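> Give me a model of this one.
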Amino acid sequence: MKNKRKLTYLISKLIIFFSFYSEVKGKEIWMPGGLPVDPNGNVIFVSSFKKVTSFKSQGGLSITPQLGAKAFARTVVINLTKDKNLKPIDAGKYLKGEDVLNDGSGFRVIQTRQGSLGLSLPIGLPIGVGVGVRVVGGVYYNTVRHVKKYKGIKKLPLISKIPSSFEDFQKYQLNDSLSFMTSGTIAFNIGIKLGLARLSTSYFAEGDWITTVEKTSPVHVKASYRVQKLRGLSKGGGVSRASLSLNNMTKFSDLLTYEFNLQNKAGLMAYHHFLKGDLLKAREIYLKSMGIDAFKGKKQYTSSVKMIQKEKSFSEEDYLSAGITIPFLISAKRKSGKNFQLSNFQELRKNIIGTNYIGIFKEKSKTTGFLSKNSHRLVMFAGKFQDVSKIEAGEKKTLNYRFAGNYKYEYHRDKFDQVKFFEELHKLSHRIGFTNDLLKIITKIPDKKLGFVQIQADLIISNQAIFNLMKMKERKELKSLHIEGERFVKDWFKRKTKLVFPLCSDEIIEVCYKFFSNQTKKGISEINEGLTEMSDVFLRNKGTIKEFVKGMSLMGEGLSKNKFTFRVFRHLLKKAGDHHLVVTWQGEKIPRGEKVLIQSKTTAYEGIDVRGNNEVSKKARKIILNFLNKN
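As a prediction, this is how the structure comes out:
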């Protein structure tokens, strides 16, 4: 009897498996958009005040209060012209360095202002051990404005105030936005100091209150209010101005978004209450207006106030961070680790509810300060699982269960020129390959000072490809990957004399070869391990959706190691299913451009954005739903 049950269960699993396989081979494939990265960064000017006072006892105990302040200020300009829209004669003048900058699309200007003030109370004990508490309060202000002409940038105010009337909003362009955040942090730490070296452990709790407003039409403004609560534990040490730490952090977040009609008296009143933080009064006006709409026979939403979205989210992150600082001049920081995010959202305008599960691998480095040029580099992979349902007559009806993967590379810097652009294209090729294709992009870049520039690469992986990767893992087709990866490394080192910027000199070529060989082996092992975790959950019901997306992030960590692991993974994708790889760039004095390296066979893209509707078929939804019900 038991054997019969096992056989029945196995047959049902095979039916689900092959049904989904036959479905994703067809045209109904889900490909998401790419991962947008905000070009906003921060210049840090640190001014540590002198010690307020110091108290020492005869036993060697010392209490030394310290007051410190930080200030951030930065302006980023993005040219909204697309290079493909430039006329040949204008493109020729532009490449010669003449100021033919814009086709009338204008410029996006992002202004960031931030400041904080903190008080520390370190207590030193005679045995070299110290304990302390630190309290910090801060404000953050960010505006996104649109100007038609480059000269108009200088006319923008240093700090734009949040508009509180309909007349104030007429000074803003469509999609202009402003964000204001206040934050408070309290941290406790204990440490020991031995000469220049130090070891410490600290715990912190932080609260952020963020208000964002955006002009969505000539008379409407979208306003959102987010409350974030963070807590974390850090263990590490350092020598002088250098530090290294292991960190664990959890975050809880609540988001509420309304749309207000500022021409309507009730809408303007609700907007004022919203800006003051009186969300109950704003909601009261919203509910009252809904009642008026219902009385008038309108199906949904009022002309004065609309509640658009509600969201609750949770994330947990483990990461390693390192940094070095030269006060006032430059600060360099690097962090790498994994993150899991879970969010429940409601889009009230469409009666949509859903849940997002995201597993993330991330490497991030940045420099700030007077000498840094404010550079930022990000390598990231996000594995996503999403369910979306519609509420009709009080009942939940499933619309979509879907999953996909995104690889992201991003680099930006405040000061760029043609040589720096070329160097960064070459560095990108060390991550994703396609050296010849990438270096051809430089023919579109003029030989002059370019100001701020951002370069990005996005690999977008369909549900079809991810499912078939798991199927390949089940058939043990990945054993030869280590051999293939080693072959790629050997071939690359044989041709190293042809490289423009070889990573390794002749003196250390053997050491360098072993480094890349071992790194590639580790990356391929992580790809295998991640796919194993994914197939265990999806194909054998041994685990949860959280473990499924974490397996995807581990797979992403493996393919992100270098150009060799990325190439091995690309070879798998050729057999697995649809995917899309595109490089995009934008900046202050260059038009926006893109280079498609691998074209999706099922989905049209404009940069990293999907054109048109892109949904999963009913049959595919049913198969994934069966998996969820058994999970």
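
> Specify the beta-bridge partners of the closest residue to residue 333 other than its chain neighbours.
Closest residue to residue 333 apart from its sequence neighbours, by Cβ to Cβ, 6 or more residues apart in numbering: residue 323 at 4.1 Å. In this view, the C-beta of every residue, glycine as well, is placed from N, C-alpha and C. Residue 323 has the following beta-bridge partners by DSSP bridges: residue 243, residue 333.

> quick one: residue 131 is in a strand?
Yes - secondary structure of residue 131 (DSSP: H, G, I helix; E, B strand; the rest coil): part of a strand.

> hang on, it packs against residue 187?
No - with contacts counted by Cβ atoms under 8 Å, residue 131 stays clear of residue 187, the gap being 11.7 Å.

> got a list of what residue 216 touches?
Applying Cβ atoms under 8 Å, 6 or more residues apart in numbering to residue 216 gives the contacts 174, 175, 222, 259.

> how close does the closest residue to residue 587 other than its chain neighbours sit to residue 423?
Nearest residue to residue 587, sequence neighbours excluded (Cβ to Cβ, 6+ apart): residue 453, at 3.7 Å. Note on residue 453: its distance to residue 423, by Cβ to Cβ, to the nearest Å, is 12 Å.

> send the alpha carbons of the helix or strand harbouring residue 367 over as CSV?
Using DSSP states H and E, residue 367 maps to strand 352-368. Extracted in CSV, the C-alpha atoms of strand 352-368 (Å, rounded to 0.1, in the frame of the first residue of the first chain):
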residue,chain,number,x,y,z
ILE,A,352,-4.7,44.0,-6.4
ILE,A,353,-2.9,42.3,-3.5
GLY,A,354,0.3,40.3,-3.6
THR,A,355,3.5,39.0,-2.0
ASN,A,356,7.1,39.4,-3.1
TYR,A,357,9.9,37.1,-2.0
ILE,A,358,13.3,38.2,-3.0
GLY,A,359,16.7,36.6,-2.4
ILE,A,360,19.7,39.0,-3.0
PHE,A,361,23.4,38.7,-3.4
LYS,A,362,25.2,42.0,-3.4
GLU,A,363,28.8,43.4,-3.6
LYS,A,364,29.0,47.2,-3.2
SER,A,365,31.9,49.6,-3.0
LYS,A,366,32.0,53.4,-2.9
THR,A,367,34.2,56.4,-2.3
THR,A,368,33.1,59.7,-0.9
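
> partners of it in the sheet?
Applying DSSP bridges, strand 352-368 is found paired with strand 330-347 (antiparallel), strand 376-392 (antiparallel).

> Export the ones you listed to CSV and append columns for mean neighbour count, mean pLDDT and distance to residue 414.
Listed next are the strands paired with strand 352-368 as CSV, based on neighbours: other Cβ atoms under 10 Å; pLDDT from 0 to 100; distance: least, Cβ to Cβ, whole Å:
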stretch, mean neighbour count, mean pLDDT, distance to residue 414
strand 330-347, 17, 87, 13
strand 376-392, 19, 86, 10
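
> any chance of these in CSV, with distance to residue 135 too?
Shown next, in CSV, are the strands paired with strand 352-368 (distance: least, Cβ to Cβ, whole Å):
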stretch, distance to residue 135
strand 330-347, 22
strand 376-392, 29
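
> Residue 193: which of those is closest?
Across those, residue 193 has its closest neighbour in strand 330-347 (21.6 Å, Cβ to Cβ).

> Would you mind writing the CA trace of the closest one as PDB?
C-alpha atoms of strand 330-347 as PDB (Å, rounded to 0.1, in the frame of the first residue of the first chain):
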ATOM      1  CA  ILE A 330      38.400  60.500   1.000                       C
ATOM      2  CA  SER A 331      36.600  57.500   2.500                       C
ATOM      3  CA  ALA A 332      36.400  54.100   0.800                       C
ATOM      4  CA  LYS A 333      34.000  51.400   1.800                       C
ATOM      5  CA  ARG A 334      33.200  48.000   0.600                       C
ATOM      6  CA  LYS A 335      30.500  45.500   1.600                       C
ATOM      7  CA  SER A 336      29.300  42.100   0.400                       C
ATOM      8  CA  GLY A 337      26.600  39.700   1.600                       C
ATOM      9  CA  LYS A 338      23.100  38.300   1.200                       C
ATOM     10  CA  ASN A 339      19.700  39.700   1.900                       C
ATOM     11  CA  PHE A 340      16.200  38.300   2.000                       C
ATOM     12  CA  GLN A 341      13.100  40.500   1.500                       C
ATOM     13  CA  LEU A 342       9.400  39.800   2.100                       C
ATOM     14  CA  SER A 343       6.700  42.300   1.300                       C
ATOM     15  CA  ASN A 344       2.900  42.200   1.300                       C
ATOM     16  CA  PHE A 345       1.400  44.900  -0.900                       C
ATOM     17  CA  GLN A 346      -2.000  46.200  -2.000                       C
ATOM     18  CA  GLU A 347      -2.600  48.300  -5.100                       C
END
